[in-house]
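K.L.:
pasting the structure only:
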């Protein structure tokens, strides 16, 4: 069962442009959402999060948007840089739970 | 920045053998987790640990698995009798509060042959 879905396995963006990574979820009990970035042979690294009571959270070049009615969130990276090339995971937490439910990830490739 | 460390980075074991994966969480964190990622699949939650006991576990975390905090710094995952399908990357993580921003280790690649 895919409660968190990242439908794009990969995304290619030119350096300096905006990268938009999308994530959909099905479980209405999720109350907290996170984005993680992962390089090969490393563990996931936290990027940014958002609570379900908000619709936007910004941190430097990274902005996460949450549309609860559509059960959709997105991560915007502006401007995209070569070091942003990695796999990006969307994750969600059910209210009262400890564990995170992850999507399958999107491989972002920033082209020079 | 403080980090979660895991040892070993790669473990090869024979089917049916017991294996222990080790982790040193960030020192002031109170919540500890194990996740795994089978090659080509998503990261999956196994178990969370707080106040010296399991606080939540997934369906994957059956009787073959156990966790322990044997001292003030280490957090271990034991697989009693490994199966081929246990081959995966195992990630340890820790956080200050439950389910929020978790810091992950670099992972242990377990290969069961």
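P.N.:
All right, it came through fine. Everything numeric here is computed off the predicted structure, so don't read it as measured data. Numbers count the residues shown, from 1 in each chain, chains lettered A, B, ... in the order given.
K.L.:
low-confidence ranges, the chain, go.
P.N.:
No chain was given, so I picked chain A. By pLDDT under 70, the low-scoring segments of chain A are A:1.
K.L.:
actually chain B
P.N.:
Residues of chain B that meet the cut-off, pLDDT under 70, sit at B:99.
K.L.:
which residues of it lie near chain A?
P.N.:
Counting by CB under 8 Å from any CB of the partner chain, the residues of chain B close to chain A are B:4, B:31, B:33, B:35, B:41-48, B:50, B:55-56, B:58, B:91, B:93, B:98-107. In this view, the C-beta of every residue, glycine as well, is placed from N, C-alpha and C.
K.L.:
walking through chain A, point out its strands one by one.
P.N.:
Ranges of strands within chain A are A:4-5, A:10-14, A:19-25, A:30-38, A:45-51, A:56-59, A:62-67, A:72-77, A:86-94, A:100-102, A:106-111, based on DSSP state E.
K.L.:
check which helix or strand the residue nearest the centre of chain B maps to.
P.N.:
Residue closest to the average C-alpha location in chain B (CA atoms, centre = their mean): residue B:34, at 3.2 Å. Using DSSP states H and E, residue B:34 maps to strand B:31-37.
K.L.:
which helices and strands does that strand pack with?
P.N.:
Under the contact criterion of 3 or more CB pairs under 8 Å, 6 or more residues apart in numbering or on different chains; DSSP states H and E, strand B:31-37 touches strand B:19-24, strand B:43-50, strand B:88-95.
K.L.:
can you tell which of the ones you listed is closest to residue A:24?
P.N.:
Between residue A:24 and the helices and strands packed on strand B:31-37, the shortest gap by CB to CB is with strand B:43-50, which sits at 17.2 Å.
K.L.:
and the closest one with strand B:31-37, angle?
P.N.:
What separates the directions of strand B:43-50 and strand B:31-37 is an angle of 160 degrees, with axes from the mean of the first three to the mean of the last three CA atoms, to 10 degrees.
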